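1. all I have is the shape, not the residue letters:
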């Protein structure tokens, strides 16, 4: 009976995702408390699944079978759970209760497809969770305010945590479970990504309106780049040649040449803003902006997808022409983005 039920669920998901098995964008809708699967070819929402309250970030496993969502919580009511989605079945597989560990936010899979690194803002910590068992297998204190986003090095056991309140980057050895170093970057250090070759970390410092470039071998800052206004997320193209930054206040996407650190393009986003924008996360500070936040680049590096949280849209940018080529209708207050490859 159980086998028959699982087969039925799988068939329904296959129908929902389309027989052509096209790629889908996984979009977290903060105010909707759910996750949408949007077919990138047709723009159709193929499936919507419930998450915990106010989901912020999502990680997809390297093998493409699982997604893990960090449920941040609403306003004064902190969240303390992770939602695990089975991407092969198109269903919520599990909810992991983090108990006293409140305000999970950044999340990244480790290479084994089984563990995720998760920032815990309220506890000033980075934890590692076994997704199969739901067990917290490691906890390292950052001792920094608002430990928000995390990036994991591709070729060594290092995690880099951006701390908004402290304006710093925590370097954590995942093998030893130790804080190696805290690097002062700039006020409001929030976004973080690692070049595909594993040589540099870049952060977005939203209050300082700068980007910091850190050499991973030296663990020191080797460059600072001006970037206005309110740079909040950053992603590198798969070839490592360009960095794509969302600027939430100026409502722009800025593209940089990684080698020269020069600006290549500045792309304005013109979108209708939702009526309740002032009541959302950033309040009146961004009530006049579509508030681009989440950034995802497709595996080929041809498109950037930008979640406009105050427009309920995901903007599509052509990375060859640096033009907006469309937008996808998302749920309420989209933010975290993931990629589900068709098979």
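-> Yep, it's here. In this text, all values refer to a predicted model and were calculated from it rather than measured experimentally.
2. hmm, who's touching stretch 42-56?
-> By CB atoms under 8 Å, 6 or more residues apart in numbering, the surrounding residues in contact with stretch 42-56 are 13, 16-18, 22, 24, 28-31, 33-39, 69-74, 77, 79, 81-83, 85, 90-92, 95, 105, 326, 328-329, 331, 335-336. Where C-beta positions appear, they are placed from N, C-alpha and C, glycine not excepted.
3. any idea what residue 67 is bridged to?
-> Residue 67 has these beta-bridge partners by DSSP bridges: residue 60, residue 85.
4. neighbours around it, how many?
-> As a burial measure, residue 67 scores 26 neighbours (other CB atoms under 10 Å).
5. with residue 339 instead?
-> 18.
6. contacting residues for it?
-> 23-26, 60, 296, 298-299.
7. hmm, back to that, among the contacts of stretch 42-56, which ones are buried?
-> Using 16 or more other CB atoms under 10 Å as the burial test, the contacts of stretch 42-56 include 13, 16-17, 22, 24, 28-31, 33-39, 69-73, 79, 81-83, 85, 90, 92, 105, 328, 331, 335-336 as buried.
8. okay, and which of those residues map to strands?
-> 24, 28-29, 34-39, 69-73, 79, 81-83, 85, 92, 105, 328, 335-336 (DSSP state E).
9. number of nearby residues for the residue nearest to residue 282 when sequence neighbours are not counted?
-> What sits nearest to residue 282 in space, not counting adjacent residues and going by CB to CB, 6 or more residues apart in numbering, is residue 291, at 6.1 Å. When neighbours are counted by other CB under 10 Å, residue 291 registers 30.
10. got the confidence number for residue 291?
-> For residue 291, the pLDDT comes out at 95.
11. what of residue 1?
-> pLDDT for residue 1: 40.
12. cool, residue 130 as well?
-> Here the pLDDT value assigned to residue 130 is 98.
13. ok, residue 186 to residue 268 distance?
-> Remark: distance between residue 186 and residue 268 (CB to CB, to the nearest Å) = 24 Å.
14. swap that for residue 166, sorry
-> Distance, residue 166 to residue 268, using CB to CB: 32 Å.
15. more neighbours, the two?
-> Set residue 166 next to residue 268 and count neighbours by other CB under 10 Å: residue 166 wins out with 21 against 10.
16. just give the nearest non-adjacent residue to the more buried one, would you?
-> Nearest to residue 166 is residue 144, by CB to CB, 6+ apart, at 4.0 Å.
17. ok, the one you found to residue 189 distance?
-> According to CB to CB, residue 144 and residue 189 sit 9 Å apart.
18. what is in contact with the two at once?
-> Common neighbours of residue 144 and residue 189 (CB under 8 Å, 6+ apart) are 163, 166, 168.
19. give the contact list for residue 93.
-> The contact partners of residue 93, taken as CB under 8 Å, 6+ apart, are 66, 84-86.
20. what is the nearest of these to residue 306?
-> residue 85 (22.2 Å; CB to CB).
21. what residues are up against the closest one?
-> Taking CB under 8 Å, 6+ apart, we find residue 85 in contact with 35, 49, 66-69, 91-93.
22. mind redoing it with 10 Å?
-> 26, 35, 37, 49, 51, 58, 60, 65-69, 91-94, 338, 340 (CB atoms under 10 Å, 6 or more residues apart in numbering).
23. if we can go back for a sec, could you dump the shared contacts of residue 144 and residue 189 into a markdown table with pLDDT added?
-> Listed next are the shared contacts of residue 144 and residue 189 as a markdown table, based on pLDDT from 0 to 100:
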| residue | pLDDT |
| --- | --- |
| 163 | 98 |
| 166 | 98 |
| 168 | 98 |
